[in-house]
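Peer 1: Just need the structure, nothing else, for what follows:
(one chain, ligands or ions: 1)
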Amino acid sequence: MSDLLTLDVLAFAPHPDDAELLCGGTLARLAREGRRTGIVDLTRGEMGTRGSVEIRAAEAARAGQVLGLAVRENLGLPDSQLENDVATRLQLVAVIRRLRPQVVIAPAPKGRHPDHRVAAQLVRDACFLAGVRKVDRASEPHRPRKLLHAITYREDHVKPTFVVDISDDIKIKLAAVACYVSQFEGVIQAGEVYPTGAPLAEVIRHQSAHYGSLIRCAYGEPFWTHETMRVDDVMALQVETF
Ligand SMILES: [Zn+2]
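Peer 2: Okay, the predicted model is just below:
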């Protein structure tokens, strides 16, 4: 397969709009820096109260353009009934082997919506299995090098393993979220975002500013990994203690 068709970073999202809310700034920054990024939405969000599958698909496509994605696809799995079973894992394995991302982003292991919790483990399992040749002999094995869990908005989570500075990309993130007119216009709550009474865009901005403050910048997005981060030069460590 040509490298031109493969991705550097791929985010799996349970529903269209989740990736924008959780890691849209990071994806925008990666694209701005010349990386090839993609989002694969697992479901079409057909259980949502607002909008329709068709409208959400059009909104997702527009948001993908705003983020500068190279790829945006939808697996059409059942909304609110997402399962980490053999058949579903194989669908994700096929996507991972075709797009061959080096880094994969999944939702936080904890979450309000059952689909988000299932997706976190489903994506993790699929990333591992994609590297097992005999899982499907028809395609070349590929195991992503790194799996990140996007823990934005999760107040029940441990400290982030790291925060990505999205100060230069917050406008793009908010513009991508704003593409989902059917979902977010006039609303104060969405996905993992707990309502405060302020308009959704303001809550996202406040939350992003909080994560940014953890690394002393204007806006940030938090991630968590099972693995520990390596440091070679303690003198180069950023984020001063005092
Ligand atoms: Zn969702």
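
Peer 1: For the ion, what is the nearest residue in the chain?
Peer 2: His15 (3.6 Å; Cβ to the ion). Where you see a C-beta, it was placed from the backbone N, CA and C, and this is true even at glycine.

Peer 1: contacting residues around the residue nearest to that residue when sequence neighbours are not counted?
Peer 2: In space, His15 comes closest to Gly45 once its chain neighbours are excluded; the distance is 4.3 Å by Cβ to Cβ, 6 or more residues apart in numbering. Going by Cβ atoms under 8 Å, 6 or more residues apart in numbering, Gly45 touches 15-17, 53, 56, 79.

Peer 1: same deal with Tyr153?
Peer 2: 21-22, 191-194, 207 are the contacts of Tyr153 under Cβ under 8 Å, 6+ apart.

Peer 1: Pick out the most distant pair among the residues you listed.
Peer 2: Greatest spacing in these, by Cβ to Cβ: Leu22 and Tyr194 (13.8 Å).

Peer 1: May I have the predicted confidence score for the residue of the chain most remote from its centre?
Peer 2: The outermost residue of the chain relative to its centre, with distances by Cα atoms, centre = their mean, is Phe242 at 32.4 Å. If you check Phe242, the pLDDT there is 93.

Peer 1: gap between it and Ala178?
Peer 2: 39 Å (Cβ to Cβ, to the nearest Å).

Peer 1: got the contact list for the least confident helix or strand in the chain by mean pLDDT?
Peer 2: Lowest mean confidence among the helices and strands of the chain (mean pLDDT, DSSP states H and E): helix 181-184, at a mean of 86. Applying Cβ under 8 Å, 6+ apart, the contact partners of helix 181-184 are 17, 48, 50-52, 55-56, 59, 177-178, 190, 200-201.

Peer 1: and the residue nearest to His15, that one's in a strand?
Peer 2: No: the assignment for Gly45 (DSSP: H, G, I helix; E, B strand; the rest coil) gives coil, which keeps it out of a strand.

Peer 1: Which residues of this structure lie near the ion?
Peer 2: 14-15, 18, 191 (Cβ under 5 Å from the ion).

Peer 1: In strands only, show me those.
Peer 2: Applying DSSP state E to these, no entry is found in strands.

Peer 1: so which two of the residues you listed are the farthest from each other?
Peer 2: Pro14 and Gly191 (8.8 Å).

Peer 1: And those two? Which one has more around it.
Peer 2: Pro14 (30 against 24; other Cβ atoms under 10 Å).

Peer 1: residue contacts, the more buried one?
Peer 2: 41-43, 82, 107, 113, 115-116, 118-119.

Peer 1: Adding distance to Val71, pLDDT and secondary structure, write the residues you listed out as JSON lines.
Peer 2: As requested, these are exported to JSON lines (distance: Cβ to Cβ, whole Å; pLDDT from 0 to 100; DSSP: H, G, I helix; E, B strand; the rest coil):
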{"residue": "Asp41", "distance to Val71": "11", "pLDDT": "98", "secondary structure": "strand"}
{"residue": "Leu42", "distance to Val71": "15", "pLDDT": "98", "secondary structure": "strand"}
{"residue": "Thr43", "distance to Val71": "17", "pLDDT": "97", "secondary structure": "strand"}
{"residue": "Leu82", "distance to Val71": "21", "pLDDT": "97", "secondary structure": "coil"}
{"residue": "Pro107", "distance to Val71": "19", "pLDDT": "97", "secondary structure": "strand"}
{"residue": "His113", "distance to Val71": "24", "pLDDT": "91", "secondary structure": "coil"}
{"residue": "Asp115", "distance to Val71": "21", "pLDDT": "96", "secondary structure": "helix"}
{"residue": "His116", "distance to Val71": "22", "pLDDT": "96", "secondary structure": "helix"}
{"residue": "Val118", "distance to Val71": "23", "pLDDT": "98", "secondary structure": "helix"}
{"residue": "Ala119", "distance to Val71": "18", "pLDDT": "98", "secondary structure": "helix"}
